[in-house]
Every structure is written in C-alpha cells, then in structure tokens.
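Enquirer: A structural model of the following input is requested.
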Amino acid sequence: MMLALFWYIDFLFFIIFSLWVLYVFVFAYASRIPNRHIYPGTDKKLRFAILFPAYKEDRVIIESVLHFKKQHYPDDRYQIVVISDQMKPTTDHMLGQLGVFIVHPQGLKRSKASALHAAMDRLDPQHFDAVVVMDADNIVYPDFLDQLNNAFVAGAKAVQTHRTAKNKGTNAAVLDGVSEEINNSIFRLGHTRLGLPAALIGSGMAFDFTWFNDRIRHIESMGEDKFLEYYLLLDRIDTAYLESVMVLDEKIQNSNDFSQQRRRWIASQVDIFKVASAQFRNAIQTHNWALLDKIFQWSMPPRIMMLGLLPLIFIGSLFIVAVSSLKWFFLIILYMAGLALAIPARLYSKSLLIAVFSIPRMFSRC
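Expert: Numbering: from 1, shown residues only. Okay, the predicted model is just below:
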C-alpha cells in the first residue's frame, strides 16, 4: 500500500517538474534562434520622462545621472526625475545643479510603486510621450534613448532593455549576474523569438506615458514589474526586448543579501500568481495565450530552488525505489542542459565554476 502511494505521488510530482523543466529547455533553445529585426532610425524625437526611484541611494545616484546626461538625444526631449526618499540635502542640491527634477514622496509607506506614484503625480501628461523606469545604480550608454525612440516611433508601447551586471567581484555577484542573463535568454529572448512578449525586469523598461500613468496607480505592493506585466497582458500589449541596448546594473555582493533578495522575489511571485491565476478561465475563453504562458511561468519555483529540489528528490527516490530515480536523473540532465543553453558563452569562466559550488549554501538560506 505504501509503495503504491509512493509511486502515485512520485509520478504526480514528476509530471509537474517535467513541465517546468521542458518550459525552461524549450525557451532556452529558442533563445539561440538568430534574430535580424532592427527598428529603423527616425528623425522624429519623442519626449521621455526618466524616473529614478532613489531610497537612500546617495552613493550611486549622482554617477547614474551623470552617465545618463551623456545621451546623444536632444536635451529638451527628455527630463530626468529623481524620486528622492531620505537622501541627504547635499545630494538633492547636486542633482538640482544637474537640471534634475526632484520629487519627494509623501507618507509613511516606502515602496518603489509609491515612489513612481509620486513622480507621476508631478508630471504633466501633455509634456511626455513615454516614461522610462530605472534603478538608482543603473548606467546606460549614449544611444539608449535613441534606440528606445526608434522602437516607440515604430509602434512599441512597452519595451524592456538588456539589463546586465556591471560588477562581478564576489560569488554572489557572479551568480546574480549569470541568473540575470539566464532570465534574459529564457524569459526575454526565447519568448520574443517564439512570438510571445518579453518579461519585465524592474528597470531599464519603458512604457507609453498614458498607459503607465493609468496602470501604475493600481499597484501598491512590491513586485511592481510583475504587476505591470500582468496589466500589459490583460491589455494585450506586447513587450519588445531590445537585446543590444544595455543597462548596467549593480549586483548583490554577498550571499546573505542574495538570499534575502530571492526571498523577496519569491514573495512577490506568490502574490502575482494568486492575482493572475484568477484570470485563468478568462484567458482561455479569450485566447489570451500570452497571459496563460505567464501564469504557468509564475507557477514555477525559482531556479535556485529547482537546483536544490531536483537532486534532493533524486537522492530520496534512490533509497525508496532505485529504478524510480532514473527518470529524475534524466530530468536533472535536461534541466542543466536548458540552463547551459541559456548562459551566454562569454560568461563561462573559472569564476562561474567557483561560484556554482557556493549554491548549496545559498539554497539552504532561501
């Protein structure tokens, strides 16, 4: 009786994990499909609002703004807005000297969503066509706005650029950077190659100003990028991915911060999955395949958990029914092959190998 129950539970879990693993492998493989699509250049220059939420970010915000101001884009066609939350008066003064529009959020609630609300309350919709959301530590190249402008003039309503690591000094930073590139391959490149919208990532993202101004006001909780993505899918707006437009992002420096970051991401994913899954039936009835894809994606455990759970299940089945463990072994191989496909060749290095051996310790803290 107990053996039969084990076989039933084992088979059920194997089907679920197989679907998750196949999902990763298919989109990782699709990310290798060549893409020749380039948005054509244009003389038309849209007006951009550049939002930098900055909570106690005195250390990095000045450098980010200085880099952004090197744009090869008309100065009168974009406005940098820093939402200064608990930063030093000297920092605000320096930003003002750089021509930055400074917003101080009101109220006790501290979140990125509330900071974005505060900024949008102060901006005149008549003065802007698109809004760009950055992180306080993001660094961009001089053609950033030109490339975004080309995409929006061509008809895009939502765009995610290629966020990548600017620091790789520790094991945590290496893993965080590689994890970001795996996400880029699977959830952005792979998806767009197969005709689905790209996933948002929290910064380096741009939206039609009117749409963003309306939808951001419906978001109160953390994980604002996931909720924005949810509303884009409800409104059937495809998110384009600009693979060649880089945004340098500072990565987590130590394993404790890495684990805390992952716990926050898991919590926000659980929240959005609860909201999105309520639309499952409606998505089927309206043939909203992009939303169905996203609901399934949000059902998946984080990769660091999958990397821990699959070997644990394999080892456990070895001690119960050895022959049952074979299928789990092959599933691990397929999952690792998918992740290997998703990692850009330039990231394979000795530092990555060393960082991989720190995963069990990080997994134990998640």
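Enquirer: in stretch 197-216, what's buried?
Expert: Residues of stretch 197-216 classed as buried under the neighbour-count rule (16 or more other C-beta atoms under 10 Å) are 197-209, 211-213, 215-216. All C-beta atoms are positioned from the backbone trio N, CA, C, and that covers glycine.
Enquirer: any low-confidence regions in the stretch 201-350 of the chain?
Expert: Residue ranges of the stretch 201-350 of the chain with pLDDT under 70: 251-262, 322-323.
Enquirer: for this protein, which helix is longest?
Expert: For the chain, the longest helix by residue count, based on DSSP state H, is helix 2-30.
Enquirer: what's the next secondary structure element after that helix?
Expert: Beyond helix 2-30 on the C-terminal side, the first helix or strand identified by DSSP states H and E is strand 48-55.
Enquirer: residues making contact with the next helix or strand after that following strand?
Expert: Reading on from strand 48-55 to the C-terminus, the next helix or strand found by DSSP H and E is helix 61-68. Judged by C-beta atoms under 8 Å, 6 or more residues apart in numbering, the contacts made with helix 61-68 from elsewhere in the structure are 50, 52, 54, 80, 82, 87, 91, 94-95, 98, 100, 134, 136-140, 144.
Enquirer: could you list the buried residues of helix 61-68?
Expert: The neighbour-count criterion (16+ other C-beta under 10 Å) identifies 61, 62, 64, 65, 67, 68 as the buried residues of helix 61-68.
Enquirer: next, format the residues you listed as JSON lines and append distance to residue 228.
Expert: What follows is those, written out as JSON lines (distance: C-beta to C-beta, whole Å):
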{"residue": "61", "distance to residue 228": "23"}
{"residue": "62", "distance to residue 228": "27"}
{"residue": "64", "distance to residue 228": "21"}
{"residue": "65", "distance to residue 228": "23"}
{"residue": "67", "distance to residue 228": "25"}
{"residue": "68", "distance to residue 228": "21"}
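Enquirer: about what we covered before: among the buried residues of stretch 197-216, which are located in strands?
Expert: Of the buried residues of stretch 197-216, the ones assigned to strands by DSSP state E are 205, 206, 207, 208.
Enquirer: for residue 298, state which of the residues you listed is nearest.
Expert: Distance to residue 298 across those (C-beta to C-beta) is lowest for residue 205, with 17.8 Å.
Enquirer: verify the stated contact: that closest one with residue 133.
Expert: Yes. If you go by C-beta atoms under 8 Å, residue 205 and residue 133 touch, sitting 5.3 Å apart.
Enquirer: just the terminal-to-terminal distance for stretch 63-77.
Expert: Distance across stretch 63-77, first residue to last, is 21 Å (C-alpha to C-alpha, to the nearest Å).
Enquirer: what do you get for stretch 191-203?
Expert: Terminal residues of stretch 191-203 are spaced 19 Å apart (C-alpha to C-alpha).
Enquirer: what's in contact with it?
Expert: Outside of stretch 191-203, the residues that reach it under the criterion C-beta under 8 Å, 6+ apart are 27, 30-31, 33, 35, 112, 133-135, 138, 158, 160, 163, 180, 183, 187-188, 224-226, 228-229, 232-233, 237-241, 247, 249, 289-290, 293-294, 297.
Enquirer: skipping adjacent residues, who's closest to residue 300 in space?
Expert: Computed as C-beta to C-beta, 6 or more residues apart in numbering, the closest residue to residue 300 that is not its neighbour in sequence is residue 20, at 4.9 Å.
Enquirer: give me every residue that touches the one you found.
Expert: Residue 20 makes contact with 299, 300, 301, 306 under the criterion C-beta under 8 Å, 6+ apart.
Enquirer: determine the set of other helices and strands touching the strand ranked longest in the chain.
Expert: The strand that spans the most residues within the chain, counting by DSSP E, is strand 239-249. Under the contact criterion of 3 or more C-beta pairs under 8 Å, 6 or more residues apart in numbering; DSSP states H and E, strand 239-249 touches strand 139-140, helix 144-153, strand 158-165, helix 190-193.
Enquirer: try 6 Å this time
Expert: Secondary-structure packing of strand 239-249 (3 or more C-beta pairs under 6 Å, 6 or more residues apart in numbering; DSSP states H and E): helix 144-153, strand 158-165.
Enquirer: weakest of the ones you listed in terms of mean pLDDT?
Expert: Considering those one by one, the lowest average pLDDT is found for strand 158-165, at a mean of 94.
Enquirer: let's see the next helix or strand after that strand as PDB, backbone CA atoms only.
Expert: The helix or strand immediately downstream of strand 158-165 is helix 171-183, counting by DSSP H and E. Coordinates of each C-alpha in helix 171-183 appear next as PDB, following Å, rounded to 0.1, in the frame of the first residue of the first chain:
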ATOM      1  CA  ASN A 171      30.500  34.600  -5.800                       C
ATOM      2  CA  ALA A 172      27.100  36.200  -5.100                       C
ATOM      3  CA  ALA A 173      27.600  38.900  -7.700                       C
ATOM      4  CA  VAL A 174      28.700  36.300 -10.300                       C
ATOM      5  CA  LEU A 175      25.700  34.100  -9.700                       C
ATOM      6  CA  ASP A 176      23.300  37.100  -9.700                       C
ATOM      7  CA  GLY A 177      24.800  38.300 -13.000                       C
ATOM      8  CA  VAL A 178      24.500  34.800 -14.600                       C
ATOM      9  CA  SER A 179      21.000  34.400 -13.200                       C
ATOM     10  CA  GLU A 180      20.000  37.700 -14.900                       C
ATOM     11  CA  GLU A 181      21.400  36.500 -18.200                       C
ATOM     12  CA  ILE A 182      19.600  33.200 -17.900                       C
ATOM     13  CA  ASN A 183      16.400  35.200 -17.400                       C
END
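Enquirer: one step back: the longest helix of the chain: which residues count as buried?
Expert: Residues 10, 14, 17-18, 20-21, 23-25, 27-30 are the ones in helix 2-30 that count as buried (16+ other C-beta under 10 Å).
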